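**Student:** Structure for this input, please:
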Amino acid sequence: MIILDICVCIIVIIVGFNLKNAGFSFDKSDKRFLDRLFAYHFFVAIVFSFIVAQGGGDAIVYWNFPKNNELSAVMDVIDRGSASGTIYLLNYFFAHILDLSFLTGNLIYALLGYLGFVYYYRISKILFTDINVFKNFKLFGIPLFPWIWFLPNLHFWSSGIGKDTVLFLCIAMFTYSLLNVKKRYIALLLSVILSLTIRPHITLFLIIAFGLAYTMDGRLKGYQKLLIGAVFVVSFASIFNYVLDFVQLESLETTEIESYTAKKAANLNQADSSSGLDISGYPYPLKVFTFLYRPLFFDVNGVLAILASVENLILLIFTFQLFRNRPIRSFRKAPFLLKGSLLFFLMGALSFSLILGNLGIMLRQKNMFFPLFLIFGFWAYYYCSSIYLNARYANTSGN
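**Tutor:** Coordinates of the predicted model:
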């Protein structure tokens with residue numbers, strides 16, 4: 001079966017390399033950047049494969065279970081309501097029928113993750129028509145746009161077999177589809193269905209965040225806001241009970257939520273004692289900070305932790321830059337897509353920080369939220385810089 005593995009890997013690489021030409025209207029400069037991003041992403045996917053193969057991880061289970069079991073066993077897992085069943089089903093054809101290797105499976109998933117990056121980059125290019133504004137937006141002499149998309153954690157958890165990669169793609173696809181729902185409604189529905197079967201609470205966050213953003217858009221007329229708001233309310237109501245069942249939360253009463261978060265945090269602390277944190281005594285703002293920006297250098301316990309610390313330092317500096325660029329005013333003037341992006345990020349940060357006390361799990365979970373936060377941060381800089389440049393031009397013309 002080695003020959004089949006080689007053939008599939010070649011097909012995946014060819015498809016991935018040519019995604020930039022799949023109707024995204026990129027110019028030559030964009031394509032050169034995406035070629036570098038493609039090579040980097042697939043390199044990280046290979047590194048991911050070897051690290052997990054040596055140290056173990058969920059990805060091995062996601063691949064080996066359907067590989068070693070019949071379809072009926074996979075369907076039994078789905079019937080029990082386990083989100084892992086969806087991943088088993090997605091992998092069944094490649095792992096069981098084609099009998100492909102673990103490395104090949106990771107490269108297939110890397111293609112999905114890379115497509116997510118292509119979506120995010122295209123969103124940025126649509127929203128920021130003049131990228132020359134970013135030429136002075138640098139860190140350590142390196143322009144943050146677009147090179148911030150090379151942050152290693154963004155790629156590590158979006159290049160391997162598992163829920164994280166699929167969800168990374170779903171969020172990117174969902175956001176990109178909203179730019180032109182009439183043409184991309186199939187992609188929008190696919191992203192909702194997939195995310196709903198894997199992590200329905202994330203789907204709920206997306207619906208709430210972008211539903212609110214739509215209704216706050218000043219360019220819409222009153223009846224349009226009511227219509228769109230009604231669609232999102234119906235969508236919210238349709239999946240709300242399913243989400244509560246999925247997270248095993250019986251109600252939204254304060255005592256019930258406190259009990260759930262305390263139990264969940266305790267379980268996740270025990271998931272990996274080497275990176276577990278006791279967050280029970282942390283004040284809430286520190287819990288949020290821990291979720292978003294740790295591990296930092298005082299948490300280092302290995303090479304991967306060093307890389308994560310460097311990335312978190314960059315994200316922390318990026319956040320400080322955002323606060324320097326009038327984030328509230330930028331939010332008010334932002335298109336609905338950017339409003340929804342920030343709301344989605346805030347909902348994730350404020351909720352997940354309550355239950356996560358394991359740095360490794362934090363790195364995986366926050367990977368879903370930071371890409372849209374980065375886009376909003378670039379918007380804030382873009383908007384404020386445009387105001388400054390327009391004012392300077394007006395003053396020059398007046399003289």
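**Student:** Okay, now the unreliable bits of the stretch 101-250 of the chain?
**Tutor:** Within the stretch 101-250 of the chain, the stretches with pLDDT under 70 are 218-225, 227-229, 231-250.
**Student:** switch the cut-off to 50
**Tutor:** For the stretch 101-250 of the chain, applying pLDDT under 50 flags the ranges 246, 249-250.
**Student:** where exactly do the strands run in this structure?
**Tutor:** Secondary structure of the chain (DSSP state E): strands at 138-139, 142-143.
**Student:** Nearest to I328, out of those strands?
**Tutor:** Comparing the strands of the chain by their distance to I328 (CB to CB), the top pick is strand 138-139, with 23.5 Å. Just so you know, the C-beta spots here come from the backbone N, C-alpha and C atoms, and that holds for glycine as well.
**Student:** helices or strands next to that closest one in the packing?
**Tutor:** Packed against strand 138-139, as judged by 3 or more CB pairs under 8 Å, 6 or more residues apart in numbering; DSSP states H and E, are the following elements: helix 303-324.
**Student:** what helices or strands is the helix it packs on leaning on?
**Tutor:** strand 138-139, helix 152-156, helix 284-293, helix 359-366, helix 370-398.
**Student:** That helix vs helix 359-366, what angle?
**Tutor:** Calculated by axes from the mean of the first three to the mean of the last three CA atoms, to 10 degrees, helix 303-324 forms an angle of 50 degrees with helix 359-366.
**Student:** Give me the angle between helix 303-324 and helix 284-293.
**Tutor:** Using the same axes, to 10 degrees, helix 303-324 lies at 120 degrees relative to helix 284-293.
**Student:** How about helix 303-324, which residues are buried there?
**Tutor:** Of all the residues in helix 303-324, those buried under the rule 16 or more other CB atoms under 10 Å are 304-305, 307-309, 311-312, 314-315, 318, 321-322.
**Student:** What mean pLDDT does that helix get?
**Tutor:** With pLDDT averaged residue by residue, helix 303-324 scores 89.
**Student:** wait, which of the helices and strands packed on helix 303-324 is closest to L4?
**Tutor:** Using CB to CB, the nearest of the helices and strands packed on helix 303-324 to L4 is helix 152-156, at 26.5 Å.
**Student:** Identify the residues contacting that closest one?
**Tutor:** 40-41, 44-45, 47-48, 113, 117, 307-308, 311, 363, 367, 370-371 (CB atoms under 8 Å, 6 or more residues apart in numbering).
**Student:** next one: stretch 26-41
**Tutor:** With CB under 8 Å, 6+ apart as the criterion, stretch 26-41 contacts 16-17, 19-21, 110, 113-114, 117-118, 121-122, 125, 146, 149-150, 155, 158-159.
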